[in-house]
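Participant: Can you look at this prediction? I've put the sequence above it.
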Amino acid sequence: MNLGTASRVPAVLAATACVCLVAMPAAQCETAQFPYAQQIYERTTRKPVAEVVEDVEFAVSERNFRITSQLHVGRGIRESDKIEFPDYEVILFCNLGLARKMLELDPGYINYCPGRITVRRGGDTTHIATILLPDNAGQDNALAALVRDTNAQLRAIVDFGTEHWAPRDP
């Protein structure tokens with residue numbers, strides 16, 4: 001697929017969705033409802049994006065996750081469209097042992113894999129966010145405990161990205 005075709009894909013998909021919503025009975029347009037609500041945990045800092053990304057990478061590895069990929073969305077838009085565009089970074093990461101435990105307890109949690117942290121610039125503020133796992137509030141079982149622990153780790157990674165580190169004296 002060439003870039004000209006690729007740039008039309010979102011418009012074609014949107015048009016198809018609109019046609020489906022307008023022209024077809026509701027039963028034919030429905031998709032499966034995923035029962036898990038998404039909660040976004042977000043913090044802000046004045047640190048530059050590059051510094052936040054570096055701190056997030058460190059925090060991810062310190063918690064025994066491995067970075068599987070990084071998406072440089074803002075840079076890609078700047079380069080392809082030859083326009084000014086802010087930084088948008090997506091850091092994808094996974095811990096296979098944790099993923100296995102979670103998927104053995106509820107295969108539907110594959111929809112949360114891999115984990116991801118987003119970092120974006122808005123004015124003079126950098127936003128760091130992640131999607132938390134559904135917390136299963138009130139449940140007292142192995143999955144609920146695993147989710148609570150994982151969400152605590154995700155929050156800690158985001159929080160670490162916001163912290164300011166003072167230089168050490170020699």
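Facilitator: On my side now, so go ahead. Numbers count the residues shown, from 1 in each chain.

Participant: could you check the distance from the most centrally placed residue in the chain over to Lys82?
Facilitator: Nearest residue to the geometric centre of the chain (CA atoms, centre = their mean): Arg116, 3.5 Å. Using CB to CB, to the nearest Å, Arg116 is found at 28 Å from Lys82. Just so you know, the C-beta spots here come from the backbone N, C-alpha and C atoms, and that holds for glycine as well.

Participant: Tell me the bridge partners for the residue nearest to the centre of the chain.
Facilitator: Beta-bridge pairing for Arg116 (DSSP bridges): Leu92.

Participant: Return the residues in contact with it.
Facilitator: Residues near Arg116 by CB atoms under 8 Å, 6 or more residues apart in numbering: Val90, Ile91, Leu92, Phe93, Thr130, Ile131.

Participant: Distance to Ile110 for those residues - can I get that in JSON lines?
Facilitator: JSON lines is the format used below for the contacts of Arg116 (distance: CB to CB, whole Å):
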{"residue": "Val90", "distance to Ile110": "18"}
{"residue": "Ile91", "distance to Ile110": "19"}
{"residue": "Leu92", "distance to Ile110": "14"}
{"residue": "Phe93", "distance to Ile110": "15"}
{"residue": "Thr130", "distance to Ile110": "17"}
{"residue": "Ile131", "distance to Ile110": "14"}
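
Participant: Are any of the residues you listed buried, and if so which?
Facilitator: Ile91, Leu92, Phe93, Thr130, Ile131 (16 or more other CB atoms under 10 Å).

Participant: Return the per-residue confidence for Asp87.
Facilitator: pLDDT recorded at Asp87 is 94.

Participant: what's the burial count for it?
Facilitator: Neighbours of Asp87 under the rule other CB atoms under 10 Å: 18.

Participant: Gln39 - how many residues pack around it?
Facilitator: Neighbour count for Gln39, taken as other CB under 10 Å: 12.

Participant: Against Asp81, how distant is the nearest residue to it once chain neighbours are set aside?
Facilitator: Among residues not flanking Gln39 along the chain, Leu132 sits closest, at 4.6 Å (CB to CB, 6 or more residues apart in numbering). For Leu132, the distance to Asp81 equals 32 Å [CB to CB].

Participant: Brilliant, that's me finished.
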